[in-house]
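# When you get a sec, could you give me coordinates for this:
(one chain, ligands or ions: 1)
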Amino acid sequence: MTIKAVRGTRDLLPPETELWNRVEQTAREVFSLYNFFEIRTPIFEDTQLFARGVGEATDIVSKEMYTWEDRARAQSEKAQSLTLRPENTAGVVRAYIEHKLWERPGLQKLYYIGPQFRRERPQKGRYRQFYQIGAEVIGAPSAGSESPVRDAEVLEMLVMLLNRLEIKDWTLQLNSVGSQSSRPAYNEALRKALNGVVERMCVDCQRRAVTNPLRVFDCKVPEDQPIIETLPRISGFLDEADRKHFDEVQQILRVTGVPFVINDRLVRGLDYYTRTAFEFTQGSLGAQNAILGGGRYDGLSEALGGPRAPGIGFAIGEDRFVMAIAAGQEDKVSSISAPQVYIAPLGEGMNAPAAKLAQELRLQGIRVELGDESFRLKKSFETAEKLGISKVVIVGENEVASDQFALKDLQSGEQEKVKRAQFIEKISSLMSSYASARQA
Ligand code: AMP
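Predicted structure coming up:
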């Protein structure tokens, strides 16, 4: 029996990985313009981090985590419950607390790129191992972490990234889920409204109504939606400070030209969000159309035992970003750019001089594919052609003896002999004239 990749996981192969790298590279460039730096946290953490950070009543923690009891290996160790990270914000805030990052000047602006794990029902655009590119702005209130400027700046940064990646047809949905001070009255109103209707809702909603009524808005069951539509919205319960904060975020977005729509049903499936919550959806993706989501989490650091450290962040679903890009530009995605030169060692004893020549060309920044002396010349030409390479260098006994190489152009069929001393220069100038011709 052959072994296959586990359900909900997948291999990313070239040429698609080229696209993944382009997305990541572009994200790094954009984040750098906004002065963000990379953080890498472990892929697994203490289970308590997610239970306390993301929230026990969320779908992620109650149903989707990969958790195991990690046995002690020595008397001095204790067994520990560990979890593959289902998201990265809790890990970043843990690191912020653990390394006392508030002692560093200004705000902490951190980004991450990496796999996350959730035991969801796999389908197109939804995987059990998926990839997120995310960023967080966190710090002491005195560093400006609470300011609506931060919210608007993060959203504007995302729009720059979407534009650079030429992802079109997106909608930014925006809401304020209120701060800790607005929430109790709203929860009370929700509980009241759910009383009497919740028996007609799914079992998850019945549980949510008791543990955390806000989570009812995460429900995807179609029959429950008409009931959810009748529930009171958080927008009616924001206090003066929350409302002012939200207004200012919107005002800056208007000035910086970031289009948005208000969606007062949007609460996001994680408990830590306060005030601004947002999601970008994209038109070409069908059911799993949320390409990224995020929001403010002013109480998370304290919930994890840290100092007061308001923050805002987002996580991009990289799998979905790649799908959105691929949907718009099939032609750009399906090809890998060919190496520039194929080196064909011809006959016994030629592998070593060919390897030496390949090394010299690569040191000059030329991309080289190296053949094998057991190939006949015809096979070398065929191999180069299949790889889309038009320049073949033949390294045979005669060439080595006369200290020159035969350079064949497979497109024109022409072949010339070039002295070793001029060889590198010749290839380099050929390659740069190619590059400029392609750019023109
Ligand atoms: P969340 O961490 O739930 O706020 O999700 C942020 C983004 O991650 C979503 O908008 C999706 O694009 C992506 N995402 C979440 N779960 C999955 C998954 N199981 N498979 C693929 N992408 C996901």
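
# ok, how many other residues are close to the residue in the stretch 101-250 of the chain that the ligand sits nearest to?
Here the stretch 101-250 of the chain gets closest to the ligand at one residue, residue 130, 3.4 Å apart by CB to the nearest ligand atom. Heads up, the C-betas are built off the backbone N, CA and C, glycines and all. A count of nearby residues for residue 130, using other CB atoms under 10 Å, gives 21.

# now for the helix or strand hosting it, which elements pack on it?
Per DSSP states H and E: residue 130 is located in strand 129-138. Under the contact criterion of 3 or more CB pairs under 8 Å, 6 or more residues apart in numbering; DSSP states H and E, strand 129-138 touches helix 16-33, helix 89-98, strand 108-117, helix 148-164, strand 311-317, helix 318-328.

# And the second one, what's buried?
By that I understand helix 89-98. Applying a neighbour-count criterion of 16 or more other CB atoms under 10 Å, one finds 89-97 buried in helix 89-98.

# Can you pull the phi and psi angles for residue 203?
phi -60, psi -40 (degrees, to the nearest 10).

# Mind pulling up the pLDDT for it?
With respect to pLDDT, residue 203 has a value of 94.

# so how far does stretch 327-347 reach from one end to the other?
End-to-end distance for stretch 327-347, by CA to CA, to the nearest Å: 47 Å.

# Check the average confidence over it, would you?
78.

# Look up which residues are beta-bridged to the closest residue to the ligand within the chain.
With CB to the nearest ligand atom, the shortest gap between the chain and the ligand falls at residue 317, namely 2.0 Å. Taking DSSP bridges, one finds residue 132 as the beta-bridge partners of residue 317.

# where's it relative to residue 274, distance?
22 Å (CB to CB, to the nearest Å).

# repeat for residue 31
In terms of CB to CB, residue 31 sits 23 Å off from residue 274.

# do residue 281 as well
22 Å.

# Neighbour count: these two, which is higher?
residue 274 (25 against 19).

# Could I get the phi/psi values of the residue lying closest to residue 176 once chain neighbours are set aside?
Take residue 176 and drop its neighbours on the chain: the residue closest to it by CB to CB, 6 or more residues apart in numbering is residue 246, 4.0 Å away. Main-chain torsions, residue 246, degrees, to the nearest 10: phi -60, psi -40.

# Please apply the same query to residue 166.
phi 60, psi 40.

# ok, now residue 422?
According to degrees, to the nearest 10, residue 422 has phi -100, psi -10.

# So for it, what's the pLDDT?
89.

# got it, and residue 357?
Taking residue 357 on its own, its pLDDT is 94.

# Just confirm it is within a helix.
Yes: counting by DSSP: H, G, I helix; E, B strand; the rest coil, residue 357 is located in a helix.

# can you pull the contacts of it?
343, 393, 395, 405, 423 (CB atoms under 8 Å, 6 or more residues apart in numbering).

# do the same with residue 112
For residue 112, the contacting residues are 38-41, 88, 92, 132-135, by CB under 8 Å, 6+ apart.

# Check which residues of the helix or strand hosting residue 279 are buried.
Assessed by DSSP H and E, residue 279 sits inside strand 274-282. For strand 274-282, the neighbour count (16+ other CB under 10 Å) marks 274-282 as buried.

# Those: which two are farthest apart?
274 and 282 (26.0 Å; CB to CB).

# can you pull the buried residues of the helix or strand where residue 385 lies?
Per DSSP H and E, residue 385 falls inside helix 377-386. Within helix 377-386, the residues scored as buried using 16+ other CB under 10 Å are 377, 380-381, 383-384.

# out of those residues, who's nearest residue 251?
For the buried residues of helix 377-386, the nearest to residue 251 is residue 384 (59.9 Å; CB to CB).

# ok, that closest one - contacts?
342, 344, 369, 371, 390, 392, 410.

# The fourth one and residue 383 touch, don't they?
So that's residue 371. Yes: in this structure residue 371 lies within contact range of residue 383 using CB atoms under 8 Å: 6.5 Å.

# pLDDT averaged over the helix or strand containing residue 226, what's the number?
Assigned by DSSP H and E, residue 226 falls within helix 225-229. What helix 225-229 shows for mean pLDDT is 94.

# And for stretch 276-295?
On average, stretch 276-295 scores 93.

# Could you count how many residues lie near the nearest residue to residue 274 once chain neighbours are set aside?
Excluding its sequence neighbours, the residue lying closest to residue 274 (CB to CB, 6+ apart) is residue 298, at 4.5 Å. The local packing of residue 298 (other CB under 10 Å) involves 22 other residues.

# For residue 265, see how far away residue 298 is.
21 Å.

# What of residue 35?
34 Å.

# Figure out how far stretch 57-67 is from the centre of its chain.
On the basis of CA atoms, centre = their mean, to the nearest Å, stretch 57-67 sits 21 Å off its chain's mean C-alpha point.

# and the end-to-end length of that stretch?
16 Å.

# The helix or strand of the chain with the lowest mean pLDDT: what's the following helix or strand?
In the chain, the helix or strand scored least confidently by mean pLDDT, DSSP states H and E is helix 330-333, which has a mean of 58. Heading C-terminal from helix 330-333, the first helix or strand you meet, by DSSP H and E, is strand 341-346.

# That next one: partners in the sheet, and parallel or antiparallel?
Checking strand 341-346 against DSSP bridges gives partners strand 368-370 (parallel), strand 391-396 (parallel).

# Residue numbers of the stretch 301-440 of the chain in contact with the ligand?
Selection of the stretch 301-440 of the chain residues close to the ligand by CB under 6 Å from any ligand atom yields 315, 317, 319-320.
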